[in-house]
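Trainee: Pasting a predicted model and its sequence here:
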Number of protein chains: 2
Amino acid sequence: MPEDLRNRVVRQPTVAGLSEADLLARIFPRLRMEDSHTSNTLLGPGDDAAIVAAPDGKAVISIDTQVQDQDFRLLWPNGYRTTGFDVGWKAAAQNLSDINAMGARATSMVVSLTLPVDTPVSWVEDLADGLTAGIRELGASHCSVAGGDLGRGHEISVTVAVLGTLDGGSPVLRSGARPGDIIALAGTAGHAAAGLALLESGIAVETLSPAGRAFVDLQCRPRPPLAAGPAARAAGATAMLDISDGLLRDGQRLATASNVAVALDPALLTQLADLLRPAAALLGADAAQWVLAGGEDHGLLATFPAGVQLPPGFTAIGSVHALGADDGPGVLIAGRPADAGGWDHFAH
Amino acid sequence: MPEDLRNRVVRQPTVAGLSEADLLARIFPRLRMEDSHTSNTLLGPGDDAAIVAAPDGKAVISIDTQVQDQDFRLLWPNGYRTTGFDVGWKAAAQNLSDINAMGARATSMVVSLTLPVDTPVSWVEDLADGLTAGIRELGASHCSVAGGDLGRGHEISVTVAVLGTLDGGSPVLRSGARPGDIIALAGTAGHAAAGLALLESGIAVETLSPAGRAFVDLQCRPRPPLAAGPAARAAGATAMLDISDGLLRDGQRLATASNVAVALDPALLTQLADLLRPAAALLGADAAQWVLAGGEDHGLLATFPAGVQLPPGFTAIGSVHALGADDGPGVLIAGRPADAGGWDHFAH
């Protein structure tokens, strides 16, 4: 049979046809890291549990789940099909970002996959490739997948628990910001939100400009700035968190935990929004709203004592203030309590 | 309005009406351990990640997911309704068992919950209570829930990642069994399988005998013997694993990893099956099949050098042998390669 015809008549193999052991045998070789001699995984898959190095006697740990139709669509309105690679990469990125936000670096992951029986085996292999590529390309070079769990369900669900180390240091919490500190951003803001809006639009993905396509790519495969977290800790950051729900909501969390007011500079926010204006114009959307409420870039928001030289990757976007007698903790823009999109009308 | 009437007309609140922060505020107080001064959780919920003690520089880690209609039914054919408490307890038990099987003890858990919007808030509170009760009543007294993640989906899914410590010791792997060793069982075998068969039967749960009800309870809230894992390691166990898929399949795994034959004593298996015969007779089922293929009791299968005094909770059920020239690793019963239910016909 000619190759092109055979490809059309052979049905794509699904996980229904494989035992758990068979499917694991397809996945594990794809999770192997190139520099495994520097791995923190002391005992990998094959026993009831894995063993991971925690050289300073402490393990930083976080867990995060992505569910089909909640956190991603298999087919988006603009025609883009989410690949297994995308989902694997995003699972890695989201979890690595949580470790980054503590000023730590990741040492290992365990992964639990829930798969409908009609999931193509190739999609799962692709997911393993995406996990591996995400870990490596984002720079978590001493992290590897130590183990996992496979099961069935009616929707795809991918949970990663990630371990990290502070290398003997103290974590950077949300609660340490002090009046007089500078507040700074590492990574992009609103790009993933622009990508989401493009995915949800009727504008065919093939017709997007390179800039628009880059926003889509960032939504599907976020790029948290992994060097920035430990660098911020080393530079004396007083507070830090991952921007997973937008500058405004995460800024509010930092302000609340630290009991301070965070004042964002409207001119600097406008610069961030300017990068998004062509995409916003295309969709009739509000670039300011994306900057303030878009979180899935997984940038970092951190505060530093005034006068500290900001580590590479951070840009100052405002300052921290003591609360007035009648004020609760929160985010201010141009002196007013901020709400998403509110400042941009004044900035133009 | 009279109390009894009000209870009937007020609709049960669901998670749809709560923000993530509100729902977390309902859950966290229920996860607090009484002896928190001995907790290994150095930093609990509230930041991007938690921090857990790993005093000997190593963390044992495992992950496990339960999905509605795959791992439990909300309503069983015999009329039993799975409670949130059951699911929370089982999530704790399954994960604690994986740590136990390494000869380690649990230090902390992180939990990711995926919930349909119509899930009653009380069901989620009940799940948190079940997690806490499972950890405490099974004896994982230095373990607590360090953090978690909440999200939405179309089916309930509960993932736990658990950390443990070997207290400076070496793990007991599957691969260390040697010819001449004794093989021993800690915990029950086949009781959870009997419970599953009763749940799946048409015999109303209210009509079950106390023994039958105990099997159902063990299926819903397994009781892994958590003292036995570290005790086996201390006693010099050469290999160990959690019986999650039955004596036969898990015995095969141990035999394969160790490249040996495992011979189970039919008289001892018969004693295990005798405990299940009334329930088997009620259902027209095969008690031997439950003993050999039933795994969810989460007992331990371990091998010890001959002459070692078995730690409390372990009962010898066979011995380990070198492979013959033409034999692959596997499980033998009465000298023959075993298959589920096969031996019992000879034992009577």
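Mentor: Noted; the coordinates are in hand.
Trainee: For the stretch 201-348 of chain A, which residues score under the pLDDT cut-off?
Mentor: A:340-348 (pLDDT under 70).
Trainee: Quick check: residues of it near chain B?
Mentor: A:241-242, A:257 (C-beta under 8 Å from any C-beta of the partner chain). Every C-beta, even on glycine, is put in place using the N, C-alpha and C of the backbone.
Trainee: helix or strand for the residue nearest the centre of chain A, which one?
Mentor: Compute the mean C-alpha point of chain A, and by C-alpha atoms, centre = their mean the closest residue is A:Gln94, 3.4 Å away. Using DSSP states H and E, the element containing A:Gln94 is helix A:84-100.
Trainee: Any buried residues in that helix, and which?
Mentor: Judged by neighbour count using 16 or more other C-beta atoms under 10 Å in any protein chain shown, the buried positions of helix A:84-100 are A:84-100.
Trainee: just to revisit the earlier point, now, of the residues of the stretch 201-348 of chain A next to chain B, which are buried?
Mentor: Using 16+ other C-beta under 10 Å as the burial test, those include A:241-242, A:257 as buried.
Trainee: Name the residues of stretch A:26-45 that are buried.
Mentor: A:27-28, A:30-31, A:33, A:39-44.
Trainee: Report the secondary structure state of A:Gln271.
Mentor: Three-state assignment for A:Gln271 (DSSP: H, G, I helix; E, B strand; the rest coil): helix.
Trainee: Against which helices or strands is the strand or helix carrying A:Gly151 packed?
Mentor: Per DSSP H and E: A:Gly151 is located in strand A:144-152. Contact partners of strand A:144-152 among helices and strands, from 3 or more C-beta pairs under 8 Å, 6 or more residues apart in numbering or on different chains; DSSP states H and E: helix A:20-27, strand A:41-43, strand A:50-53, strand A:105-115, helix A:121-137, strand B:58-67.
Trainee: Can you say which of those is nearest to B:Leu247?
Mentor: helix A:20-27 (18.0 Å; C-beta to C-beta).
Trainee: Extract the CA atoms of the closest one and return them as CSV.
Mentor: Output of helix A:20-27 as CSV, limited to C-alpha atoms (Å, rounded to 0.1, in the frame of the first residue of the first chain):
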residue,chain,number,x,y,z
GLU,A,20,-0.3,1.1,31.9
ALA,A,21,3.1,-0.6,31.6
ASP,A,22,3.1,-0.3,27.8
LEU,A,23,2.2,3.4,27.9
LEU,A,24,4.8,4.1,30.6
ALA,A,25,7.4,2.4,28.3
ARG,A,26,6.5,4.9,25.6
ILE,A,27,6.7,7.9,27.9
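Trainee: Pull the distance from that helix to the chain's centre.
Mentor: Distance of helix A:20-27 from its chain centroid, counting by C-alpha atoms, centre = their mean, to the nearest Å, is 27 Å.
Trainee: when you scan it, is anything in it near chain B?
Mentor: No - with C-beta under 8 Å from any C-beta as the criterion, chain B is not reached by helix A:20-27; the gap is at least 9.5 Å.
Trainee: Remind me what that helix packs against, helices and strands.
Mentor: Contact partners of helix A:20-27 among helices and strands, from 3+ C-beta pairs under 8 Å, 6+ apart: helix A:121-137, strand A:144-152.
Trainee: circling back to that earlier point, tell me which of the buried ones among the residues of the stretch 201-348 of chain A next to chain B is nearest to B:Leu166?
Mentor: Of all these, B:Leu166 sits closest to A:Asp242, with 31.4 Å by C-beta to C-beta.
Trainee: if I pick the spatially closest residue to that closest one that is not a sequence neighbour, what's in contact with it?
Mentor: Closest residue to A:Asp242 apart from its sequence neighbours, by C-beta to C-beta, 6 or more residues apart in numbering or on different chains: A:Ala101 at 3.8 Å. Contacts of A:Ala101 were listed using C-beta atoms under 8 Å, 6 or more residues apart in numbering or on different chains, and they are A:172, A:229, A:240-242, A:300, B:47-49.
Trainee: Buried ones among these?
Mentor: For those, buried by 16+ other C-beta under 10 Å: A:172, A:229, A:240-242, A:300, B:47-49.
Trainee: Dump those residues to CSV, plus secondary structure.
Mentor: Putting the buried ones among the contacts of A:Ala101 into CSV (three-state DSSP) gives the following:
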residue, secondary structure
A:Val172, coil
A:Gly229, helix
A:Met240, strand
A:Leu241, strand
A:Asp242, strand
A:Leu300, strand
B:Asp47, strand
B:Asp48, coil
B:Ala49, coil
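Trainee: For A:Arg152, state which of these is nearest.
Mentor: The nearest member of the buried ones among the contacts of A:Ala101 to A:Arg152, counting by C-beta to C-beta, is B:Ala49 at 29.4 Å.
Trainee: what about the residue lying closest to the residue nearest to the centre of chain A once chain neighbours are set aside, how many neighbours?
Mentor: Excluding the flanking residues, the one nearest A:Gln94 by C-beta to C-beta, 6+ apart is A:Asp64, at 4.9 Å. Residues contacting A:Asp64 under the criterion other C-beta atoms under 10 Å in any protein chain shown number 24.
Trainee: quick one, what contacts A:Asp64?
Mentor: A:Asp64 sits next to A:91, A:94-95, A:98, A:159-160, A:162, B:112, B:149 when contact means C-beta under 8 Å, 6+ apart.
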